[in-house]
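**Q** Prediction below, plus the sequence it came from.
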Amino acid sequence: MTIIKICGLSTPDTLAAALDSGADMVGLVFFPKSPRCVDLDTARFLADQARGRAAIVALTVDADDALIEDIVAATRPDLLQLHGHETAARVAAIKARFRRPVMKAVGIASAADVAAARDLAATLLAQADGEDRILLDAKPPKDAALPGGNGLPFDRNLVVGLDLALPFMVSGGLDPASVAEAIRLVTPWGVDVSSGVERAPGVKDPARIEAFIKAARAACDDGGDARGKVA
Ligand SMILES: O=C(O)c1ccccc1NCC(=O)[C@H](O)[C@H](O)COP(=O)(O)O
């Protein structure tokens, strides 16, 4: 089964759409410049709504320990998504302090970036027991306000047949029309979407969330996730 993550949820009704449609993971964004950013009270409420139905993912960008501490206390996340320039050492420090698995985002635009993802996966595997994840995303355009969530794809051919030491998700510009092809081509452990299920930046669309999850599940049923990675 391919794991499906809907990222950047910020309201109870759109979160309900993701949960009712069968999302495996739901992402809360804690980056002030993002139109999807949630404050701690909203995040606590949404996390309570999601708990037990989907894994809760807290997304930060080069956050300091104080902010992560507040986020962890409010949401008790299952996974910390690190979407900035966190080094392997910083990732290790976050894991040691907060005792949660992480998913580290890696921007992909070249074979060298894929090699960097491979190295990072091996390093994370050596540090822990294989609980961590890698997220392969598009690199943001120069001068972009956001390091992710820009709705831009990367060349999936760079990662066809990729085998990392850790399970990885593919993201970047996915939508209900493109997710099946990405699953068939790359057979990732999971797929992640934000912009592609929105009607405007930061405004999730319940119908598009449902369509995305249906399309991804249909691709799995067609054998698109033939690698059968662990959930
Ligand atoms: O979504 C944001 O606003 C955001 C802000 C800062 C860092 C990352 C952010 N989003 C990451 C994601 O939503 C996904 O993990 C991924 O980048 C896919 O985004 P999209 O291309 O919009 O589907």
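**A** On my side now, so go ahead.
**Q** tell me which parts of this structure are close to the ligand?
**A** 7-8, 29, 31, 34, 36, 59, 61, 83, 135, 137, 146-152, 171-174, 192-196 (C-beta under 6 Å from any ligand atom). All C-beta spots, glycine's among them, are computed from the backbone N, C-alpha and C.
**Q** Now do the helices in the chain.
**A** 12-21, 40-50, 65-75, 88-98, 111-127, 179-186, 206-221 (DSSP state H).
**Q** quick one, which of these is nearest to M1?
**A** Nearest to M1, of all the helices of the chain, is helix 206-221, at 5.8 Å by C-beta to C-beta.
**Q** and the end-to-end length of stretch 131-145?
**A** End-to-end span of stretch 131-145 (C-alpha to C-alpha, to the nearest Å): 31 Å.
**Q** Put together TSV for the helices of the chain, with mean pLDDT and mean neighbour count on each row.
**A** What follows is those, written out as TSV (pLDDT from 0 to 100; neighbours: other C-beta atoms under 10 Å):
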stretch	mean pLDDT	mean neighbour count
helix 12-21	98	18
helix 40-50	98	17
helix 65-75	98	16
helix 88-98	94	15
helix 111-127	95	16
helix 179-186	96	20
helix 206-221	95	19
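**Q** Turn the ones you listed into CSV, including distance to L166.
**A** Compiled in CSV, the helices of the chain are given as follows (distance: least, C-beta to C-beta, whole Å):
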stretch, distance to L166
helix 12-21, 24
helix 40-50, 24
helix 65-75, 21
helix 88-98, 12
helix 111-127, 4
helix 179-186, 15
helix 206-221, 20
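**Q** Show me the one of those that comes nearest L158.
**A** Nearest to L158, of all those, is helix 111-127, at 5.5 Å by C-beta to C-beta.
**Q** packing partners for that closest one?
**A** Counting contacts by 3 or more C-beta pairs under 8 Å, 6 or more residues apart in numbering; DSSP states H and E, helix 111-127 is packed against helix 88-98, strand 102-108, strand 133-138.
**Q** Who's the closest spatial neighbour of the most centrally placed residue in the chain, skipping the chain neighbours?
**A** When the chain is reduced to its mean C-alpha position, the closest residue under C-alpha atoms, centre = their mean turns out to be D192, at 5.0 Å. Nearest non-adjacent residue to D192, counting by C-beta to C-beta, 6 or more residues apart in numbering: S171, 3.7 Å away.
**Q** Compare the helices of the chain and report which one is nearest to P141.
**A** Per C-beta to C-beta, nearest to P141 of those: helix 111-127, 15.3 Å.
**Q** what bridges to F168?
**A** Beta-bridge partners of F168, counted by DSSP bridges, are I134.
**Q** For the ligand, give me its nearest residue in the protein.
**A** G149 (2.3 Å; C-beta to the nearest ligand atom).
**Q** residues touching that residue, list them.
**A** The contact partners of G149, taken as C-beta atoms under 8 Å, 6 or more residues apart in numbering, are 7-8, 29, 34, 36, 194-195.
**Q** Among these, which lie within strands?
**A** V29 (DSSP state E).
**Q** Give me the buried entries from the contacts of G149.
**A** 7-8, 29, 34, 36, 194-195 (16 or more other C-beta atoms under 10 Å).
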